[in-house]
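Visitor: for reference, the sequence and a predicted model appear below.
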Amino acid sequence: MRSDFRTGSVALMTAFAIAACGGGGDAGGDAGGGDTGGGDAPAAAQIDPSTVGTISGTINFAGDAPAMTAIDMSAEADCAAGFGADGPMSQNVLVSDGGLANVFVYLSDGVSGAPAASGSVVLDQENCRYTPHVFGVQTGQNIEITNSDDLLHNINASPSVNRGFNISQPRAGITSNQSFAAAEVMIPIRCDVHGWMQAYVGVVDHPYFGVSGADGSFTISNVPEGTYTATAWHEEYGELTGSVTVTAGGTAELSFDYSASMAGADVPMGEPLVIRHGGDHTHGQ
Amino acid sequence: MATIVAEATGQAILQEEHEQSFLRKYIFSTDHKVIAIQFLFTTLFFLAVGGFLAMMMRYQIAWPDQPIPGGGIFPESMVASGYILPEFYNSLVTMHGSIMVFLAIMPMLVGVYANYLIPLQLGTHDMAFPRLNMYSFWVMVPAGILTLASFFVVGGAAGAGWTLYAPLSARPDLTGVALGQQMWLVAIVLIGLSSIFGSLNYITTVINMRAPGMTWFRMPLTIWALFITAILGLLAMPVLSAAGIMLLFDQTIGTSFFLPEGGGQPLLWQHLFWFFGHPEVYILILPAMGFTSEILSVGSRKPVFGYKAMVWAIIGIAFLGFIVWGHHMFQSGMNPTLGLTFTVSTLFIAVPSAIKTFNWMGTMWRGNLHFHTPMLFAIGFVAMFAIGGLSGIFMASTPVDIYIHDTYFIVAHIHYVLFGGSLFALFAAIYFWFPKMFGRMMNEKLGKIHFWTTMIFFNLVFFPMHGVGMVGMMRRIYDSTGYAHLQGIGGTNELMTWSAFALYATGFLFAFNFFWSIFKGKKAEANPWNATTLEWQTPSPPKHGNWAEVPVVYHGPHEYSHPGVTDKDWLAQNERPDLPSPAGGH
């Protein structure tokens, strides 16, 4: 009799234990933090404003940039109609007056301590294109993904060290929120429905990053005084590093020089992620 | 502790009846009747859950451009900005099928009624292995918890369809579901274990523990059906469990049983799944056929027409069930000769199925029909199963199957078999054996309303599916409105959805009747239906151990309107017309 009861109790406890394990936490949930990302570092609320400075610079490009290629969006006429007479063009290499756009620049060494992330970064899908094409977020910072197109997109993020996600937004007005827990430069995001849609997000554990604009310029503000190593990342030409010293109230100049001859460089990138054992991560197949 | 010594067939039987704690009596019980009732409550819960998932699917199908009312209560990973997300829809489709098959209908047919009826109808005290019987329930509980919990893990519940075709199911990057799929697989292995435990018990009990005089061909058809079903379960479930473990290994430890990039074969999954899957179809229908035979006989006050033919038909269906699995794979690439073989073997199943159908009609023919609720549902079963069976013949033919493959025609077929078939018979069984289980009658008026509304709305939901399937609506499509060839079916889809809501609402009527009757229903006599089988010769509900005296069986199970009996129209199996009625348990 006693052994019956004991056996039964063990069965019940096992059931609940399995259920408890099975119902394990949602590590990919929302998280606060960060400013808008995409180039603007959040206000360093916990840092004495009198001790911070700004990094400003340009991403230079030497040589002939490859011609932009046309994207065939005929399958999505509504999206194609959103572009001018030339139609939608590729965004991977945008050079204007010697300045290279869409380069992610961040402090890769020398940062000690950083304000917590706050606010959200918006990643929009408009005319079957991600806006912005390249952006940065702080670890744990919320990425608000919206769909401005009244059609189905899926958002497939394929990191190497973070947990990936693959979610859909079947119509306009839908918003989803995601975040990454660990620093990782860069994470590719793609839409499997529209093969030309590609975005890249750089995740760093501080707010000191920026993305070059159309003219190649970038600004990283509210950086505590000190000497840092900065890294620039581009989806076709890879990484460059440089050193910069920031003084209180000052603006430090920092430039990176890419060239056409760097085409084919090694570009650090996440790979498709397979989640195993309910939380461990290994690289994809 | 009281000890009862009873004499039966000249042999002394010692039956111990002792005080039991609440836990031993109601939670970790080894009494087959309590275990059956545990299965009943659990499976009714999962029936409601599975139905709810279907309601969400139907809303999405009818109004894909409108946010779902109350969608805000769901996590953003399921319903975002009020819209059901495609990946959640995949989970709904997958989990509706999985829950209905593995956690609702199969355990309700077998877990509830094999448990409840085998010892009672065979005239024995309990199952051969009571403790194993308890385990068969308690192994299913974590499976159910895992299944429900999988909705709330990262990536959501399994989304590769209930058939889990590889490589879709084996590669999380294709569906976005990793942990949820693994939980499903663990759950399915546990359910397989539960089923194997149960099957071993049922087979052993039927072979070894029949009452004196209960020869093979005196067994009620319910027992025959459950016995053959148990054999099917014992042979088929281990295949699914093994395949499930292999798929789990592909996902977790890097094997490549089903992944072509590692040298595996996606087609192997289909073979293993359907080698289980087609016998599973008969696991889901044979017990229903048994209940129906029994209830039609009682309601017609006639013996079952062609009892032995019915038994051999059950055996024939079970045998053929193991050699037809390839008819699920006509589209997967198959040698035409092999395809023809599977076509022919599948068409053969129409023979024993037709024997059963005509014998049911023969049973009712010129009977003194009593249209009580169980009888209505049993008749409904025959009608709906006939439609489901006929649409199945379409699929047996390779050229036709290629056209209708993966369309709503298939959805219509499976629901005519599993809902119109299995579930109608289950409702018949619940109404029929409720007084034995709970000692009270279910409300007859509510029961009849339940039957007619179910009959009407079931057909309004599922019959038009044949049509939208023929038009080409894909079975798992999230939003059909974007396809030119499906522009004309919006109204039909809305009609089916409204009817589905009404059908689900009838479930609440049933649930009210069920729970209300447990406490407030009219007290039931031992034999309210004037039925002949042994379970009705004990009090309602039977006591622990079932019988003070093991009954002796003198004749077959369906002796209604027996010419040798003049004072009533039935003769219990333990009665002889030339002897006074046995004390039984009246």
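Guide: Perfect, I can see it now.
Visitor: quick check: A:Val105 is in a strand.
Guide: Yes. Using DSSP: H, G, I helix; E, B strand; the rest coil, the assignment for A:Val105 is a strand.
Visitor: would you agree it is in contact with A:Gly216?
Guide: No. The criterion here is C-beta atoms under 8 Å, and A:Val105 misses it with A:Gly216 at 10.8 Å. (Each C-beta comes from the backbone N, C-alpha and C, glycine too.)
Visitor: what's the spacing between the closest residue to chain A within chain B and B:Phe137?
Guide: Taking C-beta to the nearest C-beta as the measure, chain B has B:Phe28 as its residue closest to chain A, at 3.1 Å. Distance, B:Phe28 to B:Phe137, by C-beta to C-beta, to the nearest Å: 9 Å.
Visitor: excluding its backbone neighbours, what's nearest A:Pro88?
Guide: Leaving aside its chain neighbours, A:Pro88 sits nearest to A:Ile71 (4.3 Å; criterion: C-beta to C-beta, 6 or more residues apart in numbering or on different chains).
Visitor: shared neighbours of A:Val105 and A:Gly216, which are they?
Guide: A:Ile59 (C-beta atoms under 8 Å, 6 or more residues apart in numbering or on different chains).
Visitor: between those two, who's got more neighbours?
Guide: Using other C-beta atoms under 10 Å in any protein chain shown, the more surrounded residue of A:Val105 and A:Gly216 is A:Val105, with 28 against 24.
Visitor: state the distance from that one to chain B.
Guide: Going from A:Val105 to chain B by C-beta to the nearest C-beta, to the nearest Å gives 30 Å.
Visitor: for that residue, give me its contacts.
Guide: A:57, A:59, A:209-212, A:218, A:220, A:230-233, A:254, A:256.
Visitor: of those residues, which is the nearest to B:Leu268?
Guide: A:Trp233 (43.2 Å; C-beta to C-beta).
Visitor: that closest one: helix or strand, and which one exactly?
Guide: Assigned by DSSP states H and E, A:Trp233 belongs to strand A:226-234.
Visitor: I'd say B:Ala128 and B:Asn208 touch.
Guide: Yes. Counting by C-beta under 8 Å, B:Ala128 does reach B:Asn208; the two are 6.2 Å apart.
Visitor: the two: which is more packed in?
Guide: Of the pair B:Ala128 and B:Asn208, B:Ala128 is the one with more neighbours under other C-beta under 10 Å, namely 19 against 10.
Visitor: run the chain-centre distance for the strand holding A:Trp233.
Guide: Averaging C-alpha positions (C-alpha atoms, centre = their mean, to the nearest Å) puts strand A:226-234 17 Å from its chain's average.
Visitor: what about whichever helix or strand comes after that strand, average pLDDT?
Guide: Reading on from strand A:226-234 to the C-terminus, the next helix or strand found by DSSP H and E is strand A:238-246. Averaged over strand A:238-246, pLDDT sits at 95.
Visitor: same deal with stretch A:211-225?
Guide: Mean pLDDT, computed over stretch A:211-225, is 95.
Visitor: first-to-last residue distance for that stretch?
Guide: This stretch, stretch A:211-225, spans 21 Å end to end (C-alpha to C-alpha, to the nearest Å).
Visitor: residues from the stretch 351-500 of chain B in reach of chain A?
Guide: Proximity of the stretch 351-500 of chain B to chain A, by C-beta under 8 Å from any C-beta of the partner chain, involves residues B:478-479.
Visitor: cool, and the stretch 151-300 of chain B?
Guide: Contact residues, the stretch 151-300 of chain B versus chain A (C-beta under 8 Å from any C-beta): B:152-155, B:171-173, B:175-176, B:178-179, B:182-183, B:186, B:251-252, B:259, B:261-262.
Visitor: among these, name the ones in strands.
Guide: If you go by DSSP state E, those have nothing in strands.
Visitor: these in helices, which ones?
Guide: Counted as lying in helices by DSSP state H, out of these, are B:172-173, B:175, B:179, B:182-183, B:186, B:251-252.
Visitor: CSV for the residues you listed, including pLDDT, distance to B:Phe46 and neighbour count?
Guide: Output for those, formatted as CSV (pLDDT from 0 to 100; distance: C-beta to C-beta, whole Å; neighbours: other C-beta atoms under 10 Å in any protein chain shown):
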residue, pLDDT, distance to B:Phe46, neighbour count
B:Pro172, 85, 26, 25
B:Asp173, 80, 30, 17
B:Thr175, 83, 23, 23
B:Leu179, 93, 21, 24
B:Gln182, 95, 20, 24
B:Met183, 97, 15, 29
B:Val186, 97, 17, 21
B:Gln251, 91, 25, 24
B:Thr252, 91, 26, 16
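Visitor: which of those sits closest to B:Ile35?
Guide: Closest approach between those and B:Ile35, by C-beta to C-beta: B:Val186, at 22.7 Å.
Visitor: so that closest one makes contact with B:Leu146?
Guide: Yes. The pair B:Val186 / B:Leu146 is scored as a contact, 5.9 Å apart, by C-beta under 8 Å.
Visitor: sorry, back to before: can I get the contacts of A:Val105 in JSON lines with distance to B:Phe305 and neighbour count?
Guide: Below are the contacts of A:Val105 laid out as JSON lines (distance: C-beta to C-beta, whole Å; neighbours: other C-beta atoms under 10 Å in any protein chain shown):
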{"residue": "A:Gly57", "distance to B:Phe305": "93", "neighbour count": "23"}
{"residue": "A:Ile59", "distance to B:Phe305": "88", "neighbour count": "29"}
{"residue": "A:Phe209", "distance to B:Phe305": "82", "neighbour count": "28"}
{"residue": "A:Gly210", "distance to B:Phe305": "85", "neighbour count": "27"}
{"residue": "A:Val211", "distance to B:Phe305": "81", "neighbour count": "24"}
{"residue": "A:Ser212", "distance to B:Phe305": "85", "neighbour count": "25"}
{"residue": "A:Phe218", "distance to B:Phe305": "87", "neighbour count": "25"}
{"residue": "A:Ile220", "distance to B:Phe305": "88", "neighbour count": "27"}
{"residue": "A:Ala230", "distance to B:Phe305": "89", "neighbour count": "25"}
{"residue": "A:Thr231", "distance to B:Phe305": "85", "neighbour count": "21"}
{"residue": "A:Ala232", "distance to B:Phe305": "86", "neighbour count": "26"}
{"residue": "A:Trp233", "distance to B:Phe305": "80", "neighbour count": "26"}
{"residue": "A:Leu254", "distance to B:Phe305": "93", "neighbour count": "21"}
{"residue": "A:Phe256", "distance to B:Phe305": "90", "neighbour count": "25"}
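Visitor: let me see the backbone angles for the closest residue to A:Glu253 other than its chain neighbours.
Guide: Nearest residue to A:Glu253, sequence neighbours excluded (C-beta to C-beta, 6+ apart): A:Gly57, at 5.8 Å. In terms of degrees, to the nearest 10, the main-chain angles of A:Gly57 are phi -170, psi -170.
Visitor: kindly state the beta-bridge partners for A:Gly57.
Guide: With DSSP bridges as the criterion, A:Gly57 is bridged to A:Phe218, A:Leu254.
Visitor: do you know how far it is from chain B?
Guide: A:Gly57 is 38 Å from chain B, by C-beta to the nearest C-beta.
Visitor: does chain A sit close to whichever strand or helix holds B:Leu146?
Guide: Assigned by DSSP H and E, B:Leu146 belongs to helix B:130-149. Yes. Applying C-beta under 8 Å from any C-beta, one finds helix B:130-149 touching chain A at B:131, B:134-135, B:138-139, B:141-142, B:145-146, B:149.
Visitor: all good on my end, thank you.
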